[in-house]
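# whatever this is, show me its structure:
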Amino acid sequence: MTSDETHAIPLGQRLADEQDADAVVEGWSRLFAYLVIAIVVGFTVVLPFFGLLLALAAASYLRAGELHARRHGDEGLLRVLAGPLTAPLDLARGAAGTLVSLPYAAVFAVAVPLLIMSVSAVHVQVAPLVGAAWGAGAAAYVVLAAPGVRTPRRHLVRVFTALAAEPRRIAVAGVLLCVLALAAVAGAIVLQPRFSPVYELKNSIAQELSNFQHSVRQHVS
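Below is the predicted model:
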């Protein structure tokens, strides 16, 4: 066996180990990205108005971050996080990309409450505002990570991949995100949604969904 052959095996093992490590980091980064999205969705269900503003702002900034990272590459966590702040054009493009996704989100914002109200056909009572709140949560999910909307989630993965350079930081982030995600999901299930400050819109939505629920009951009775 030649010298080159003896060194080829350890080198191949090192490359395989690095690939395995990269796959593990990417897997955890994807999980953390979805945890962030779950936190935003849960927050939106509890506070629809502010949650949607947060989702729209986050989606726009993440899109801008991805545009910036594609041009400049991954240059550390700080650059990945704050890079768009140095590129106003990227911020504008990110906002434009989010605006394009709004009709997609609007479909879910309307369809999800109607679907939830339809369970009255099997004699299940659901408060109209609860249905509306979950519709807002669905819209928040759409602008961040729905099928066909990959850019915001991709940049979240990029952020957590950069964070993984420090194992201690990624461990702390993982624990924190798990706790926040559980709290957000529990709050979305248990807490009554609050539509402040859009009280008139809240009343209008509640009335329309109540009428729809009543119509469904009449058709099945």
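# which residues sit against stretch 118-131?
112-114, 116-117, 192-193, 195, 202, 205-210, 213, 216-217, 219-220 (CB atoms under 8 Å, 6 or more residues apart in numbering). No exception for glycine: its C-beta is placed from N, CA and C like everyone else's.
# let's see 6 Å
113, 116-117, 193, 206, 209-210, 213, 216-217, 220 (CB atoms under 6 Å, 6 or more residues apart in numbering).
# okay, buried residues for that stretch please.
118, 120, 126-131 (16 or more other CB atoms under 10 Å).
# same check on stretch 84-95?
84, 87, 90-91, 93-95.
# so which of these are in helices?
Of these, the ones assigned to helices by DSSP state H are 90-91, 93-95.
# got TSV for the residues you listed, with distance to Thr161 and pLDDT too?
Conversion of those to TSV gives the following (distance: CB to CB, whole Å; pLDDT from 0 to 100):
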residue	distance to Thr161	pLDDT
Asp90	20	91
Leu91	22	94
Arg93	22	94
Gly94	20	95
Ala95	25	95
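# closest to Glu26 among those residues?
Of all those, Glu26 sits closest to Gly94, with 23.1 Å by CB to CB.
# give the contact list for that closest one.
The contact partners of Gly94, by CB under 6 Å, 6+ apart, come to 60, 63-64.
# still on that earlier bit, farthest-separated two in the buried residues of stretch 118-131?
Ser118 and Leu129, at 16.3 Å, using CB to CB across the buried residues of stretch 118-131.
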